[in-house]
Every structure is written in structure tokens, then in C-alpha cells.
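K.L.:
next comes the sequence, and after it the predicted model I'd like to discuss.
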Amino acid sequence: MKSLMSLWSRIAEESAIRCCTSATADINTVRRRFEHEGLSFFTIILPDLGKATQKWLDQGWAGTHPSFEKDGSLPRFLGGYLSRVFDRRSGVLLDMPCVDSIIAIRQLTLMFGKLLVPCSKARERAAIQGYVECEKDVRQADRELTKEDYSEFKSMARLLFRDVFTQVDKDIYYGQVLPKHGPGSVADGLTSNGKYRLRTWTRRLEGVFPSYEFLVPNLHFREILDEVDILEPDTEMPVKVISVPKTLKTPRIIAVEPACMQYTQQALLQCFLDAHERDELLSEMIGFDDQGPNQALARQGSLLQEIATLDLSDASDRVSNQLVRTMVSDWPHLDKAIDATRSRRAEVPDHGVIRLAKYASMGSALCFPVEAMVFLTLIFVGIQRELNTTLTKKDLKSFLGSVRVYGDDLIVPVDCVLSIVQTLELFGARVGLDKSFWTGRFRESCGKEYFNGHDVSLVRVRQAFPSTIADAAEVISTVSLRNQLFEAGYLDTVGWLDRKLEKILKFFPIVRPTSSVLGRVSHDVDYQVDRVHPDLQIPLVRGFVVEAKAPSDELGDTGALHKCLLSLERRSNLKGVRSHPDLVPCYIPRQADRVRRALPARFFSLQPSLWTPSMRQDEKHLERSGRPKRVSIKLGWCSPA
């Protein structure tokens, strides 16, 4: 942890040179407080000051902070930088604040705010209690909404999502849904490949997604269905609420879904994504895999002050199931599927099993898209109330470029922001005012921050520094930190980090950012070449590469066949191939025998003409599968590009 103190000092000194000030007093203050207050000074107190300065930039004047003494209207700490942004006597934002000083303040206060360290048991318990309290808030919000509120919400959802919901409804009705198992944990405790031997289903799922279509390769294996346990609603397995490390201040609370729920949620998710992609309006207003548009709009908002950025607290945990059911109620098959794939109860540490009022917590495959649709609906309800008129499809199109949702990061027009905030709060959401901006020239969205059009984003420290090469995760993180600081222009700090890393990594070459080698990015040399491949004639460099091996997880017989056929359908878009009576077009190098054993010979036919190289699966996926339990680094010869 002393290395973190040294890192802070070096960045402070380098920032002081850029900003024509001195960091000596600041370094002494940090060293003294770090010795007395420990890591929490870096991970909690300094980030609190950083968040406060962001609000000061937004509101146009500096306030006070209880953890730091004042000098005039500004904190004495970091005073050299703050006085280049705010007037020291009045605290008012300067007409031409120093952008380098804004970057320095943010870097020095916020860079340790998301250090991945476990928090105390007391903070864990507080976070779990907050999860339970959130349930009460959702129920209270449901009770306070009027019939008119629900009616307006439903009408707006219909206007926005009619085409998408109609398409998904058809997909469900005609059976055009394809399930998928992910690599993550499930409440059942099944391994990644073990999920393909799933023998638990629910009565609710059976009515929408029959087990004979989802749990066996095809009806030639109908005898397996005798082993399936169909659970009634009151005996369904609850989601398992757990905490995972996030910051020293608070953990992240997630819910681990049962395998059958996650499996069918993924099927419904793909239907939503396909329909969303085809909708010209919604594809511009909701993002699922690209944060770039949100970031570009945040920059535009900081420059023109016409766009606000909003951030929601506990976003997924505050989306009411009642709202979601209202949103899809006009589409009977979708309505039934949304309900069937939702877990109704949660097993919460120290609280037992509770019934859920929220739609879903983080951990559900449908959490992200459903919350985005709810938030977009509420944004336009807020706009409609501000304009005091009923919006049409044409009106919605006029907001392209000023309304966009990516999870809980919202872009909205400044002219309607107060009405939107009130509407979100009325329907149960909670707007994080310390991370929402609309009055000044500061904006933040999807990890990027801007002031008056200038990128003032910072480089975050995610892990403690490594002691030996065995600290693989720390080595990987520190190399990434080194290269990010290089791109940000902290060259003296980078030189210091290079010397530390060279003591741990025997080989630390110059590479391009796209290389798999753990190396240094440089502007002086494109990349280093140690030798040329004798056959391919491509440059090679000796260095360490990340190795993350999936755990051993053997799968054979019908489970192997089921996995292969599901993968074929996803990759080739040949829907229905599993139900073909005489053809199983499976190509599994070195493992075809396992699939053959799952079928009588008369049902097996290898058809290479159906295959392209991109469709061929990793030949070891039936031996190893799932998220790696640990990462390691190994020395080898690889491309520096």
C-alpha cells in the first residue's frame, strides 16, 4: 500500500508542473492522513471530495467539505489547483478555468475510488440491509401510483415499443426462441457444462417454453423427460443474493439466478436484441453494447449545455415488476414469458427468503434491457408532462440526439430535465444527484467526463501493486495502468512504474496496444522485434501473455449433443436443426465420437458442406468450460502487434 502513496505523490508532482503550482503541502497532508486513516483515506474520503468538486463545476461555485480545512472559500488541500478553477475569495467558477487543473483535481481525488478491495463485514451487512429496504421502497412506490399514472406509462410504452414487442410476441408464439447457457454461476450450483444436463424446470416455464423443446436435443430423447422435475410456483428455487467486491466503501449486490431461469432469460434476451436492432428509432435511443454514443452526447452536452446526463442509484433494484407487467400487458405471449422467466423470491443473507416486488436484480439476463425500456418510457412520460401535450411517433423522432439510455446512464434534454427527474422519482427510481449534471459545463456518461467539450476523464487504479510475478492479476492491472497513464501524458510517473515492473517482469518489451503481450506502449518506437517467425515471416517478441484456462468440466452423451446443436443453431441461424429427424450436422474435431455415442447410428450424418471455419467450435469445449477460476501469465514468443 506504500506504493499507492508513492504513486499519488508522483502524479501530484507531475500535475503541479503542468499547472504551474506546487504539490509539496498536498503530498505532506496526504502522507500524514494516510498514516493515520489508512486506505480509507484514498478509497473513501478523497473520492468524496472528488465527487463534491464535480458538483461544484456543475453548479458554478465551490462549497465546503467536512474533511478538509478551508482557505478562503476553497479547501486548503489541493488549493493550488482549485484556485486555478474557482475564485479563492468568492468560490465562483472562473470564466476561463484551467482544464489541466480540473483533470489534476479529478485524478488526485478519484483515482483510488474504485480500487478492487473487499469492504468490512459491517458494510456488507449494510448493503444487504439496503437491498431489503429497497424492496419496501418499490412496494411503496407501487401503492402511490394512480390509475392515471399507470395508463400514461402504458400508452407511452406502446408508442415506443409496439413494433419490438409485436415481433418478440410472434417469436414466442411460433417457437422462434433459442436458449443459451452462460459461463457464470447459477443458484443450483451446476457447472458450466453441467447445465446441459439440467433436469429441473418450472410449471410457469412449461406453459411458455416446454421442457421437451429446451432440455433435450430432440424428441428422439423423450425418455430423458421422465427425469425432469417440474416445480410448482411455491416450490421454485429462489435467486441467491450475494455480495461481490466493488470498493472499500460498499460491495456490489447481485442475485444468482437458477439455471432454468437464466437459460430461458437468454432466449428472450436474444429476441429483444434482434427486434431492437431492426427498429431505427429505438436502436438510436437505447444502447446495449456500445457506450460511444452516450459518451459523444455527454461531450456535446458539456459544450452546448442543451443535454443533461443523469445517473440512477440502485437502478435495477428499483424497477417495479408491476411496471414491467404493465408495459407488456397488450402482448399476451410476451407477458406470459416475461413473468415465467422472472424469479419471484430471493434468498437474502440474514433475512431468509423474501418475495420480490422488483422485476429483477443484477444477475438476470433480462435486467439490463428491461430496465432500459422502463427508463426510456419514463423519460418520455416526463417530457410529455413538461410539454403538456400527447406525444406522437413523429414527436419521438424529434428527440433523436437528445435522448439516449445505456443501462442506468441517461441522456435527456435540459429543457425537460426537472420534469423527467420528478417522473423517475414518482415511479420509484432514485436519481443520484451527485452524479447527475445539467446546470453547468460538466457532463458524465458511461465512464467518460467532459468539461466545456474537453475530455477530463481520469485513469483509475483497480488493483494494488504486485510483489512478485505470481501476483498475476495485480501484474496485469499494473501494466494496464502504466499504459493508460502513458496515453494520459504522465511520463515521469510511467518511468517510475516501468522501473517497478522491470524488477518483476524479466521481459517487458515495447508493443502495440493491440498485442496480447504484457508490454509497454511507446510513441518513439511502434513495437519491438526480437526475432522473425521462420515459417510465417512475422515479427515476434519475447514477453509474458495472460493465460486464463477454463476449469475442467467433462460433458458427454446427450448433454454434449445438446450443447453442440444449440451452438450450431446460434452460429448458423439454422433454427430448428435440433428437431430434424434424420440429420445431426455436428462437426466437433477430436470429439465426434462423444456425439456419436449420444445417437443411434442411423440418426448421425456428418455434412461438412454445411460448415464454415467460423462455425467450428473450440475442440476442447466438452472437456473444459466456464469462467477461469484464476489467471496466470506465462513467458512465450508472440506478435508485438
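P.N.:
Nice, thanks for sending it over.

K.L.:
ok, residue 328 - how many residues close by?
P.N.:
Number of residues near residue 328 (other Cβ atoms under 10 Å) recorded here: 24. Where C-beta positions appear, they are placed from N, C-alpha and C, glycine not excepted.

K.L.:
I'd guessed it sits against residue 341; true?
P.N.:
No - in this structure residue 328 lies outside contact range of residue 341 using Cβ atoms under 8 Å: 12.0 Å.

K.L.:
and the gap between residue 68 and residue 55?
P.N.:
Look at residue 68 and residue 55: by Cβ to Cβ, to the nearest Å, they are 15 Å apart.

K.L.:
and residue 14, by the same measure?
P.N.:
26 Å.

K.L.:
neighbour count winner among the two?
P.N.:
Each of residue 14 and residue 55 has its neighbours counted (other Cβ under 10 Å); residue 14 has more, 21 against 18.

K.L.:
how about that one, what does it touch?
P.N.:
For residue 14, the contact set (Cβ atoms under 8 Å, 6 or more residues apart in numbering) comprises 490, 491, 492, 493.

K.L.:
one more: residue 448?
P.N.:
Neighbouring residues of residue 448 by Cβ under 8 Å, 6+ apart: 291, 295, 298, 299, 455, 457.

K.L.:
show me which of the residues you listed is closest to residue 62.
P.N.:
residue 457 (21.3 Å; Cβ to Cβ).

K.L.:
doesn't that closest one lie inside a helix?
P.N.:
No - counting by DSSP: H, G, I helix; E, B strand; the rest coil, residue 457 falls outside a helix, being coil.

K.L.:
you'd agree it is up against residue 449?
P.N.:
Yes - taking contacts as Cβ under 8 Å, residue 457 lies within contact range of residue 449: 5.0 Å.

K.L.:
more crowded one of those two?
P.N.:
Taking neighbours as other Cβ under 10 Å, residue 457 and residue 449 compare with residue 449 leading, 25 against 16.

K.L.:
what's the closest non-adjacent residue to residue 6?
P.N.:
Sequence neighbours aside, residue 496 is the residue nearest to residue 6 in space, at 7.6 Å (criterion: Cβ to Cβ, 6 or more residues apart in numbering).

K.L.:
which SSE is the one you found in?
P.N.:
helix 491-504 (DSSP states H and E).

K.L.:
and the helix or strand just after that helix, what other elements does it pack with?
P.N.:
On the C-terminal side of helix 491-504, the closest following helix or strand by DSSP H and E is strand 531-532. Counting contacts by 3 or more Cβ pairs under 8 Å, 6 or more residues apart in numbering; DSSP states H and E, strand 531-532 packs against strand 539-547.

K.L.:
so residue 16 touches residue 10, yeah?
P.N.:
No - the pair residue 16 and residue 10 does not pass the contact test of Cβ under 8 Å, sitting 10.7 Å apart.

K.L.:
where along the stretch 301-450 of the chain do the helices fall?
P.N.:
For the stretch 301-450 of the chain, applying DSSP state H, counting those that start in this stretch gives helices covering 321-328, 332-340, 367-387, 393-397, 417-426.

K.L.:
so which of the ones you listed is nearest residue 517?
P.N.:
Of the helices of the stretch 301-450 of the chain, nearest to residue 517 by Cβ to Cβ is helix 367-387, at 33.1 Å.

K.L.:
for the closest one, packing partners?
P.N.:
helix 147-173, helix 259-278, helix 321-328, strand 404-406, strand 409-413, helix 417-426.

K.L.:
out of those, flag the one nearest residue 249.
P.N.:
Per Cβ to Cβ, nearest to residue 249 of these: strand 409-413, 20.3 Å.

K.L.:
ok, the closest one: who's next to it in the sheet?
P.N.:
Partner strands and pairing direction for strand 409-413 (DSSP bridges) are strand 307-311 (antiparallel), strand 404-406 (antiparallel).

K.L.:
got the ones you listed as TSV, with mean neighbour count columns?
P.N.:
Converted to TSV, the strands paired with strand 409-413 look like this (neighbours: other Cβ atoms under 10 Å):
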stretch	mean neighbour count
strand 307-311	25
strand 404-406	25
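
K.L.:
need those in CSV with distance to residue 425 and mean pLDDT, can you?
P.N.:
Below are these laid out as CSV (distance: least, Cβ to Cβ, whole Å; pLDDT from 0 to 100):
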stretch, distance to residue 425, mean pLDDT
strand 307-311, 11, 97
strand 404-406, 17, 97
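
K.L.:
let's have these in TSV, adding distance to residue 22.
P.N.:
Shown next, in TSV, are these (distance: least, Cβ to Cβ, whole Å):
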stretch	distance to residue 22
strand 307-311	34
strand 404-406	40
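
K.L.:
now do the SS call for the residue lying closest to residue 110 once chain neighbours are set aside.
P.N.:
Of all residues beyond its chain neighbours, the one nearest residue 110 is residue 50 (3.9 Å), with distances taken as Cβ to Cβ, 6+ apart. The three-state label given to residue 50 by three-state DSSP is helix.
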